[in-house]
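Colleague: make a model of this:
(one chain, ligands or ions: 2)
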Amino acid sequence: MTEPALKSRHHNRITDLQDEITAWRRDFHEHPEIGFEETRTAGIVAQKLKEFGVDEVVTGIAKTGVVGIIHGEKDGPMIGLRADMDALPMQEHGDVAWKSLNPGKMHACGHDGHTAMLLGAAKILAETRDFAGSVAVIFQPAEEGGGGGGVMVREGLFDRADCQSVWGLHNWPGMPLGQFCALEGPIMAGIDYFDITIKGQGTHAGLPHLGVDTVLAAAHLVTAIQSVPGRNVSPHETATIGVSMFKGSDAYVVMPDEAVIGGSVRYFDAATRDMAEARIRSLAEGIASGFGAEAIIDYRKNYPPTVNHAAETGTAAEVAAALVGEDMVLRESEPCMAGEDFSFMLNERPGNYIWMGTDQPGRNNAMVHYPDYDFNDAAIPVGVGYWLGLVDRLLSAR
Ligand SMILES: [Zn+2]
Ligand SMILES: [Zn+2]
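Modeller: Ligands and ions are numbered 1, 2, ... in the order given. Next up is the predicted model:
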């Protein structure tokens, strides 16, 4: 399989360490842990950072989060490089030799690779120290739904590591190995969740006139909610609303007292989000009341959109281009409607979240969150080279 040609002054050292970093990655893959339960993973991360001679190692931020601080040989600002450590609650279907040993848990998003690559970069930074400033390597828990990045921020991440800027990287199947995508502005959607309970009057299915049909009202509400992205969101904006849950009675012949629907709202713009919430509330109340029922609405803000800052995105694209060549860096593409909790860090400090391609011909290039996904180890030198390139660029000692 072809491997991308990389231009990095650390190339020889990265090549020396490639097998070791790959072994870490496969060990993490074999022992996946889900959000806020990453005790084994975090323990290995903290132990390795100490072995590397990292100056400060802080554990227990957001339960299992770990931060290492590496000081360069000269003074300068601090930057934060972030990786996520958690796996997903799903069963692995692939048959790799390092397949998950934990039933129902799987590294299906490549966070095993993210953790291993940032550890590799930390090892080289702690060896060389030829930069002006400090690097905080941030290993966060619970990216997949638990909002571990937000919890780290709330628990004082940036008080302990006063980063001038923060940087994230995600492996991205669907893009070739060696390609990067640095999008200015929104790159990943904001996500909210809602549950709506329609309360009415249960009855015998053969005596509908004696009850208030909550399933019928909820069915009208499901249909009406689709008018929000179609009729209320501007054609120039984007929002996706999915009603994915619908619970009524457990019996063919019993009309239930209540019916419950639930789903998600995905968006990039805060005003669109606020409008969607207001419309969903209004439709739920109006439709329920029209059927003689009542709506109880639980609407919850979850992840904010991941919005890349302009100057830092320019820097990220330049660093990637220096590593893999200008023709391998996309600066325009469609943002993704999935969420990402690096957004909480980008809301506090300027920075960039970049996609790194991983596809190779002849390889299983399954998308993240698929049961036969496996992080592509051939991407390890690319990711490590990117992190080191960022430090060289932002904390140049020369
Ligand atoms: Zn994921
Ligand atoms: Zn992920």
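Colleague: phi and psi next, for the residue lying closest to residue 157 once chain neighbours are set aside.
Modeller: Nearest residue to residue 157 in three dimensions, chain neighbours excluded: residue 61, at 6.1 Å (Cβ to Cβ, 6 or more residues apart in numbering). C-beta: built from backbone N, CA, C; applies to glycine. Phi and psi for residue 61, reported as degrees, to the nearest 10, are phi -80, psi 130.
Colleague: for residue 61, which residues make a bridge with it?
Modeller: residue 65 (DSSP bridges).
Colleague: show me the strands in the stretch 201-350 of the chain, by range?
Modeller: Assigned by DSSP state E, counting those that start in this stretch, the strands in the stretch 201-350 of the chain fall at 203-204, 239-247, 254-255, 258-267, 294-303, 306-308, 329-330.
Colleague: related to what we said a few turns ago, residues near the residue nearest to residue 157, how many?
Modeller: Residues near residue 61, counting by other Cβ atoms under 10 Å, number 24.
Colleague: now residue 207
Modeller: Residues lying near residue 207 (other Cβ under 10 Å) number 9.
Colleague: for it, give me phi and psi.
Modeller: phi -130, psi 60.
Colleague: for it, give its distance to residue 215.
Modeller: Residue 207 sits 15 Å away from residue 215, going by Cβ to Cβ, to the nearest Å.
Colleague: how about residue 24?
Modeller: 52 Å.
Colleague: what of residue 129?
Modeller: 66 Å.
Colleague: for residue 398, give me the pLDDT.
Modeller: With respect to pLDDT, residue 398 has a value of 74.
Colleague: before we move on, what about residue 5?
Modeller: Reported pLDDT for residue 5: 85.
Colleague: what's the local residue count around it?
Modeller: 11.
Colleague: just list the residues touching it, thanks.
Modeller: Contacts for residue 5 (Cβ atoms under 8 Å, 6 or more residues apart in numbering) come out as 324, 325.
Colleague: could you say which helix or strand holds residue 383?
Modeller: Using DSSP states H and E, residue 383 sits in helix 380-394.
Colleague: just the CA trace of that helix, in CSV.
Modeller: The C-alpha trace of helix 380-394 is given here as CSV (Å, rounded to 0.1, in the frame of the first residue of the first chain):
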residue,chain,number,x,y,z
ILE,A,380,0.3,7.4,12.7
PRO,A,381,3.4,9.2,11.2
VAL,A,382,1.0,11.7,9.5
GLY,A,383,-0.7,12.6,12.8
VAL,A,384,2.5,12.7,14.8
GLY,A,385,4.2,14.8,12.1
TYR,A,386,1.2,17.2,12.2
TRP,A,387,1.4,17.7,15.9
LEU,A,388,5.2,18.3,15.8
GLY,A,389,4.8,20.6,12.9
LEU,A,390,2.3,22.7,14.8
VAL,A,391,4.7,23.1,17.7
ASP,A,392,7.5,24.0,15.4
ARG,A,393,5.3,26.6,13.7
LEU,A,394,3.7,28.1,16.8
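Colleague: understood, closing this out.
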